[in-house]
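Student: Sequence first, predicted coordinates after that:
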Amino acid sequence: MSTLLVFGHQNPDTDTISSAIAYAYLLNRTGKQAEAVALGEPNEETKFALNYFQVDAPRIVSTVSNEVKQVALVDHNELQQSVSDLKEVEVTAVIDHHRIANFETANPLLYRAEPVGCTATILYKLFSEERVTIPKEIAGLMLSAIISDTLLFKSPTCTPLDVQVAKELAVIADVELEVYGLSLLKAGTNLGDKSVQELLNLDAKTFPMGQTSVRIAQVNTVDEAELLVRQQELEDAMLKENADNGYDLFVLVITNILTSASVVVVAGEPKEAIEQAFNVTLTNHTATLEGVVSRKKQVVPQLTAVLAK
Ligand code: MN
Ligand code: MN
């Protein structure tokens, strides 16, 4: 039996890595041969979780068709967020909690999408449906994914089910939810030694919106000033990314996990789309968006509404 590779999106976050590991484990326990892989290095937050629960980071791949014929996607479906040679392999399953776009298959597949805060929440249901017990370390990673994606339940993407599942996972993982949660999120805000290039690629995704290609990067912090002192350097790098990769507009979303507000820094055009989408005025290419913490729910739809009409 050939192995199925399971992976999440480029610039992996804690949900993408944890859900790949958890889903590969579930597949292996239900008679399929699967391996979790990643499309990049785990970030600081994910490293904290892997280290805490003593799980090895998945092997990193840049292509998959050289080794397998079939793959399963977690935490994404859009082609431009996936592995570069996705079109050369068959997608047999998708477990995801994002909008569906740029995705089609030749054959029937298992597609499980639910509008919850985290892929790991859906996986928790799958484990229960398959009557597979979740081991402690996998529960710890799944819990970390929910904390990360919902910013410890503060994101508007968080549903009552995410909270309930997280509480159950915390029991299996044997951690104090709030205490562990804050340490995990803080580990992800350790940005001081990152180059601007690294900051812009920590958690960045590309979205086609009408005729405009929009790159949206998000970083979490407990002190946005620490990043804004490098604004000029960041903007120069964002313009270079636009030129090198064909993006029109680059939006950096700096999210304060303690105040639940974000500062956006914008490079490229049309900048006025940001002003229209969020009803703000840009000052020196920046604006504060109060209460905005979720790219998926509070940035992408609003910008799409302006740019794709
Ligand atoms: Mn993700
Ligand atoms: Mn996710």
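Tutor: Received it, and whenever you're ready, just let me know what you need. Ligands and ions are numbered 1, 2, ... in the order given.
Student: For the lengthiest strand in the chain, which strands pair with it and how are they oriented?
Tutor: If you go by DSSP state E, the chain has its longest strand at strand 212-221. Strands that pair with strand 212-221, judged by DSSP bridges, come out as strand 204-209 (antiparallel), strand 249-256 (parallel).
Student: Of those, which is nearest ligand 1?
Tutor: strand 204-209 (8.6 Å; CB to the ion). Quick note: C-beta positions are derived from backbone N, CA and C, even for glycine.
Student: Just the pLDDT at residue 1, thanks.
Tutor: Looking at residue 1, its pLDDT reads 56.
Student: Tell me which residue in this protein sits closest to ligand 2.
Tutor: For the chain, CB to the ion, closest residue to ligand 2: residue 15, 3.4 Å.
Student: Quick check: buried residues in stretch 260-280?
Tutor: Buried residues in stretch 260-280, counted by 16 or more other CB atoms under 10 Å: 261, 262, 263, 264, 265, 266, 267, 268, 273, 274, 277, 278.
Student: My guess is the fourth one contacts residue 250. True?
Tutor: So that's residue 264. No - Residue 264 lies out of contact with residue 250 (CB atoms under 8 Å); the separation is 10.4 Å.
Student: near ligand 2, which residues of the chain show up?
Tutor: Residues of the chain lying near ligand 2 by CB under 5 Å from the ion: 15, 75, 119, 149.
Student: can you rerun that using 8 Å?
Tutor: For the chain, the residues in contact with ligand 2 (CB under 8 Å from the ion) are 8, 13, 15-16, 19, 75, 96-98, 117-120, 145, 149.
Student: And the strands in the stretch 51-200 of the chain, which stretches?
Tutor: Using DSSP state E, counting those that start in this stretch, the strands of the stretch 51-200 of the chain run over 59-60, 70-74, 90-96, 110-113.
Student: out of these, nearest to residue 205?
Tutor: Of all the strands of the stretch 51-200 of the chain, it is strand 90-96 that lies closest to residue 205, at 13.4 Å by CB to CB.
Student: Name the residues that touch the closest one?
Tutor: Residues from elsewhere that reach strand 90-96 (CB atoms under 8 Å, 6 or more residues apart in numbering): 4, 19, 23, 69-77, 103, 105-107, 109-113, 119, 122-123, 126.
Student: Same question for stretch 186-201.
Tutor: With CB under 8 Å, 6+ apart as the contact definition, stretch 186-201 has outside contacts at 11, 14, 43-45, 47-48, 148, 202, 217, 219-222, 226-227, 230, 233-234, 236-238, 241, 250, 252, 257.
Student: next one: stretch 285-299
Tutor: 98-99, 151, 154-157, 205, 216, 218, 228, 231, 235, 251, 253, 255, 257, 260-267, 271, 274-275, 278, 280-281.
Student: Of those, which ones also sit close to ligand 1?
Tutor: Applying CB under 8 Å from the ion to those, those adjacent to ligand 1 are residue 98.
Student: Helices of the stretch 1-150 of the chain, start to end?
Tutor: 14-29, 44-52, 119-129, 136-150 (DSSP state H, counting those that start in this stretch).
Student: Serialize the ones you listed to JSON lines and add fields for mean neighbour count and distance to residue 65.
Tutor: Formatted as JSON lines, the helices of the stretch 1-150 of the chain follow (neighbours: other CB atoms under 10 Å; distance: least, CB to CB, whole Å):
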{"stretch": "helix 14-29", "mean neighbour count": "27", "distance to residue 65": "18"}
{"stretch": "helix 44-52", "mean neighbour count": "20", "distance to residue 65": "26"}
{"stretch": "helix 119-129", "mean neighbour count": "22", "distance to residue 65": "24"}
{"stretch": "helix 136-150", "mean neighbour count": "27", "distance to residue 65": "27"}
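Student: OK, contacts around the residue of the stretch 151-300 of the chain at minimum distance from ligand 1?
Tutor: Here the residue of the stretch 151-300 of the chain nearest ligand 1 is residue 203; by CB to the ion that distance is 7.8 Å. Counting by CB under 8 Å, 6+ apart, residue 203 touches 11, 13, 43, 217, 218, 219.
Student: Can you give me the neighbour number for the residue of the stretch 51-200 of the chain found nearest ligand 1?
Tutor: Nearest to ligand 1 in the stretch 51-200 of the chain, going by CB to the ion, is residue 75, at a distance of 4.4 Å. Counted with other CB atoms under 10 Å, the neighbours of residue 75 add up to 30.
Student: Could you tell me which residues within stretch 278-298 count as buried?
Tutor: So, applying 16+ other CB under 10 Å, buried residues of stretch 278-298: 278, 285-289, 292-298.
Student: Name the residues of the chain found near ligand 1, please.
Tutor: 8-9, 12-16, 75-76, 98, 119, 149, 203.
Student: run the last query once more with 5 Å
Tutor: So the chain meets ligand 1 at 13, 15, 16, 75 (CB under 5 Å from the ion).
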